[in-house]
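Novice: Next input, structure requested:
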Amino acid sequence: MIALLMRDLRLAVRAGGGFGLGLAFFLIVTVMVPFSVGPESDLLSRIAPGVLWLGALLSCLLSLDRLLALDWEDGSLDLLATAPLPLEAVVTIKALAHWITTGLPLVLAAPFLGVLLNLPLEGFKWVVISLLLGTPALSVIGTFGAALTVGLKRGGLLLSLLVMPLYVPTLIFGAEAARRGAMNMGVETPLLMLAGISAGVIALMPFASAAVLRINLR
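Specialist: Presented below is the predicted three-dimensional model:
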């Protein structure tokens, strides 16, 4: 399992669809927002948590179309499906690799980009915590979408259309937790909902992804 994880990490970096692309897009979104809404510090402070969360979501979405495509193209996916390692474990490892190369860098970069959006000092901690809880769900849901569209020509658009509705609950509770934290309000309810969503997705979605992959590989 560790060998497969290291292989996927190397592929993500070499393919240019992991660390660099997502982080660059996150930076672009954050930098462009002040130009579009104006430099008013009060307005930027209010929208900063939502902007950071939306930027993180879209950045995670960017690299999903290559998540399983490389293995599909070179036939590795067929070998992995017949390997002793359960297919559920394979898709879980791929989701973990996606989170390490995309989600984790976004979590680490969010406080620095929050400065550009005049994020209140109280909000930095909660933005990081909410992203740390929510981005794993984005990667696991994205893996399910990648499994649905693997092998399809121009499947990137279809993947986005399939995954975006599933991302909405995570976005709502993640942004709400960060917003409440920035305003010194109670964050327990949205954080618990966010943690529950992530736990449920991580526990159940790999089985759905594996089932879809088995159908596509027939």
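Novice: going forward, measure contacts between C-alpha atoms and count neighbours the same way
Specialist: Noted.
Novice: Ramachandran coordinates for the residue of the chain positioned farthest from its centre?
Specialist: Ranked by distance from the centre of the chain (Cα atoms, centre = their mean), the top residue is residue 40, with 29.5 Å. When read as degrees, to the nearest 10, the backbone of residue 40 gives phi -60, psi 120.
Novice: what ranges do the helices span in this structure?
Specialist: 2-14, 19-37, 41-62, 69-73, 76-82, 87-98, 104-116, 123-149, 155-182, 188-216 (DSSP state H).
Novice: Could the C-alpha coordinates of the fourth one be exported in PDB?
Specialist: Spelled out, that is helix 69-73. The C-alpha trace of helix 69-73 is given here as PDB (Å, rounded to 0.1, in the frame of the first residue of the first chain):
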ATOM      1  CA  ALA A  69      -6.800   8.600 -16.400                       C
ATOM      2  CA  LEU A  70      -3.100   7.900 -16.400                       C
ATOM      3  CA  ASP A  71      -3.600   4.400 -15.000                       C
ATOM      4  CA  TRP A  72      -6.400   3.800 -17.500                       C
ATOM      5  CA  GLU A  73      -4.300   4.800 -20.400                       C
END
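Novice: and that helix, how far from the chain's centre?
Specialist: How far helix 69-73 lies from its chain's middle: 20 Å, per Cα atoms, centre = their mean, to the nearest Å.
Novice: Who are the packing partners of that helix?
Specialist: Of the remaining helices and strands, none touches helix 69-73 by 3 or more Cα pairs under 8 Å, 6 or more residues apart in numbering; DSSP states H and E.
Novice: at 10 Å what do you get?
Specialist: Packing partners of helix 69-73 (3 or more Cα pairs under 10 Å, 6 or more residues apart in numbering; DSSP states H and E): helix 2-14, helix 76-82, helix 123-149.
Novice: what's the average pLDDT for the last one?
Specialist: It stands for helix 123-149. Per-residue pLDDT values across helix 123-149 average out to 94.
Novice: got the angle for it vs helix 155-182?
Specialist: Compare the direction of helix 123-149 with that of helix 155-182 by axes from the mean of the first three to the mean of the last three Cα atoms, to 10 degrees and you get 160 degrees.
Novice: which helices and strands sit right next to helix 123-149?
Specialist: Partner elements for helix 123-149 (3+ Cα pairs under 10 Å, 6+ apart): helix 41-62, helix 69-73, helix 87-98, helix 104-116, helix 155-182, helix 188-216.
Novice: who wins for proximity to residue 122 among the ones you listed?
Specialist: Of all these, helix 155-182 sits nearest to residue 122, with 5.0 Å by Cα to Cα.
Novice: tell me, how many neighbours does residue 82 end up with?
Specialist: The tally of other residues near residue 82 (other Cα atoms under 10 Å) stands at 10.
Novice: no, scratch that, I was asking about residue 86
Specialist: 12.
Novice: now it: how far from residue 95?
Specialist: Remark: distance between residue 86 and residue 95 (Cα to Cα, to the nearest Å) = 15 Å.
Novice: now swap in residue 24 and tell me
Specialist: 20 Å.
Novice: These two: which has the busier surroundings?
Specialist: residue 95 (26 against 13).
Novice: one step back: can you tell me which of the helices and strands packed on helix 69-73 is most buried?
Specialist: Across the helices and strands packed on helix 69-73, the average number of neighbours (mean count of other Cα atoms under 10 Å) peaks for helix 123-149, which reaches a mean of 25.
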